[in-house]
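In: Have a look at this prediction, sequence included:
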Amino acid sequence: MKVSKLAANLIGSEIVKIGNEVNDLKAKGAEIANLTIGDLNSNIYPIPAKLKEEIQKAYQNNLTNYPPANGLLSLRNEVSKDLKTRWNLEYNANDILITAGSRPLIYAVYKTIVDEGDKVVYPTPSWNNNHYAYLTSAEAVEVKTTQENNFLPTADDLKPHLEGAVLVALCSPLNPTGTMFTEDQLSEICELILAENKKRGEDEKPLYLMYDQIYSNLTFGAKHVDPVSLFPEMREYTIYIDGISKCLAATGVRVGWGFGPAHIIDKMKALLTHVGAWAPKPEQEATAKFFQNSEDVNTFIEDFKGKLEASLKVLHNGIQDLKGKGLAVESIEPMGALYLTIKLDYIGKTKPDGTVIGNSSDLVFYLINEAGVALVPFSAFGEEKSEPWFRASVGGLATEEISAMMPKLETALNALK
């Protein structure tokens, strides 16, 4: 049966494919250490108790009708205050758009800025930019990054591709790597964007920067940096993506916000009125109430990120122990978010049954079946399947579960010849 060309050529998520395999095996009784999902086990990491109470109150008070298209004013005011106190960013309520998590915001940024055939520049690995570029019929320019730069793009990487581009999409801390920009790295990129915009005439579309900082509160020692704090003149060109999904362990609560130039935010709001991607009104009301007490917010974040960091260190140290035993593995010390970047250099090796690990997907499914360990290959984030790098998310497992899986991973890797 015929469908649209867009639907016919849309690529399904490799992460979902892996997740389906994991769920099928679990249904048959298998024990799988699932490191694939960028989500959180809510029994290990529940949302703040006070936020939960406020959500329940909002439903009891029948706040179940439509919210305003750009979000409750009370929430936008609280976000504005938080941006000022946390990052010293001055954005008023009219510069802020509330949506059901961050995905509608990213989609709206693309649809608001990008016309068919427009050039969009983003690094690989990165989360879902390839799909958003496809959905907007953009000319996608994928900039390959390296381990030496923690899989983050440098100004030199991006510079050859900015002429004629309309959007650069960046994320820090980065999904999938858990690494983040330094002040110098981001400053050099901002300088390039400002220089490019100075060359453009009034009748030309500017080069905008979408800056996804959904993990900005989950950093371990290193300082989160953002474009407008470094260069106030970047305000005209920068659209931020943020929200509570990660920092409050509230992935299913679905409250996100974007902020940036008013003319862009207004068009995003108009676009999303036709999509209906509003955060539920009770959750908006509850988030506004919870953010009224910044001490409660900060106390929760500090405790939560401490637990994530502890789990990531257990996993990182476990991989380093395997490396010390002579296995062909590596990991990059986590800087933020809930992800560890792991190298498993076993592509081309032979399994005990005589078949060959031909690519990163083969290795993923081998480890699921033989070690009960599920990872996501960087091919799910735009890299080639020949690359031996993987994302491990610790949000779904307790620390002791991570420790318990390491001997199984070691045995399965040692079985490859």
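Out: Done, it's in. Predicted, not measured: the structure shown is a model, and the values here were computed from it. Numbering: from 1, shown residues only.
In: C-alpha only now, for contacts and for neighbours.
Out: Noted.
In: all strands of the stretch 301-417 of the chain, in order?
Out: 329-332, 339-344, 373-374, 376-377, 389-393 (DSSP state E, counting those that start in this stretch).
In: Reformat those as JSON lines; add mean neighbour count, distance to Gln292 and mean pLDDT.
Out: Formatted as JSON lines, the strands of the stretch 301-417 of the chain follow (neighbours: other CA atoms under 10 Å; distance: least, CA to CA, whole Å; pLDDT from 0 to 100):
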{"stretch": "strand 329-332", "mean neighbour count": "20", "distance to Gln292": "37", "mean pLDDT": "98"}
{"stretch": "strand 339-344", "mean neighbour count": "24", "distance to Gln292": "30", "mean pLDDT": "98"}
{"stretch": "strand 373-374", "mean neighbour count": "26", "distance to Gln292": "39", "mean pLDDT": "96"}
{"stretch": "strand 376-377", "mean neighbour count": "30", "distance to Gln292": "38", "mean pLDDT": "96"}
{"stretch": "strand 389-393", "mean neighbour count": "27", "distance to Gln292": "31", "mean pLDDT": "98"}
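In: can you list the ones you listed in JSON lines and add distance to Ala415?
Out: As requested, the strands of the stretch 301-417 of the chain are exported to JSON lines (distance: least, CA to CA, whole Å):
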{"stretch": "strand 329-332", "distance to Ala415": "14"}
{"stretch": "strand 339-344", "distance to Ala415": "13"}
{"stretch": "strand 373-374", "distance to Ala415": "15"}
{"stretch": "strand 376-377", "distance to Ala415": "20"}
{"stretch": "strand 389-393", "distance to Ala415": "19"}
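In: nearest to Pro232, of those?
Out: Across the strands of the stretch 301-417 of the chain, Pro232 has its closest neighbour in strand 339-344 (30.6 Å, CA to CA).
In: pull the helix or strand with minimum mean pLDDT from this structure.
Out: helix 14-27 (a mean of 84; mean pLDDT, DSSP states H and E).
In: List the buried residues for that helix?
Out: Ile15, Ile18, Gly19, Val22, Leu25 (16 or more other CA atoms under 10 Å).
In: quick check, nearest of those to Lys111?
Out: For the buried residues of helix 14-27, the nearest to Lys111 is Ile15 (24.3 Å; CA to CA).
In: Quick one: residues contacting Leu397.
Out: Ala33, Asn34, Leu35, Asn41, Ile44 (CA atoms under 8 Å, 6 or more residues apart in numbering).
In: which stretches of the stretch 1-150 of the chain form strands?
Out: With DSSP E, counting those that start in this stretch as the criterion, the stretch 1-150 of the chain has strands spanning 33-34, 96-99, 119-124, 139-144.
In: Checking the most centrally placed residue in the chain next. Helix, strand or coil?
Out: In the chain, the centroid-proximal residue (CA atoms, centre = their mean) is Asn175; its distance is 4.0 Å. For Asn175, the secondary-structure state derived from DSSP: H, G, I helix; E, B strand; the rest coil is coil.
In: pretty sure it contacts Asn129?
Out: No - at 11.2 Å, Asn175 does not count as touching Asn129 under the criterion of CA atoms under 8 Å.
In: quick one, domains of this structure?
Out: Following the TED database, one gets these domains for the chain: 5-45+299-415, 49-293.
In: Off-centre distance for the longest one?
Out: It refers to domain 49-293. 11 Å (CA atoms, centre = their mean, to the nearest Å).
In: cool, and stretch 314-333?
Out: Worked out by CA atoms, centre = their mean, stretch 314-333 lies 24 Å from the chain centre.
In: Distance check, the closest residue to Ser13 other than its chain neighbours against Pro388.
Out: Distances taken as CA to CA, 6 or more residues apart in numbering put Ala380 closest to Ser13, at 7.3 Å, once the chain neighbours are dropped. As for Ala380, its distance to Pro388 is 12 Å (criterion: CA to CA, to the nearest Å).
In: show me what contacts Ala374?
Out: Contacts of Ala374 by CA under 8 Å, 6+ apart are Ile18, Val22, Ile32, Ala33, Asn34, Leu35, Thr36, Val364, Phe365, Leu367, Ile368.
In: In this structure Asn129 contacts Tyr110, no?
Out: No - Asn129 lies out of contact with Tyr110 (CA under 8 Å); the separation is 9.5 Å.
In: burial count for Asn414?
Out: Around Asn414 there are 13 other residues, counting by other CA atoms under 10 Å.
In: I should have written Ala328 there, sorry.
Out: Ala328 has 15 nearby residues by other CA under 10 Å.
In: Contacts only, for it.
Out: Ala328 touches Lys343, Leu344, Asp345, Tyr346, counting by CA under 8 Å, 6+ apart.
In: The same query, at a cut-off of 6 Å, please.
Out: By CA atoms under 6 Å, 6 or more residues apart in numbering, Ala328 lies in contact with Asp345.
In: quick one on the thing from earlier: reformat the strands of the stretch 1-150 of the chain as a markdown table; add mean pLDDT and mean neighbour count.
Out: A markdown table is the format used below for these (pLDDT from 0 to 100; neighbours: other CA atoms under 10 Å):
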| stretch | mean pLDDT | mean neighbour count |
| --- | --- | --- |
| strand 33-34 | 94 | 23 |
| strand 96-99 | 98 | 27 |
| strand 119-124 | 98 | 25 |
| strand 139-144 | 98 | 18 |
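In: So for Gly260, which of these sits nearest?
Out: Per CA to CA, nearest to Gly260 of the strands of the stretch 1-150 of the chain: strand 96-99, 7.2 Å.
In: Could you single out the nearest of the contacts of Ala374 to Ile265?
Out: Thr36 (32.7 Å).
In: Point out where this structure drops to low pLDDT.
Out: Judged against pLDDT under 70, the chain has no low-scoring part.
In: Tell me, how many residues neighbour Pro232?
Out: For Pro232, using other CA under 10 Å, the count is 10.
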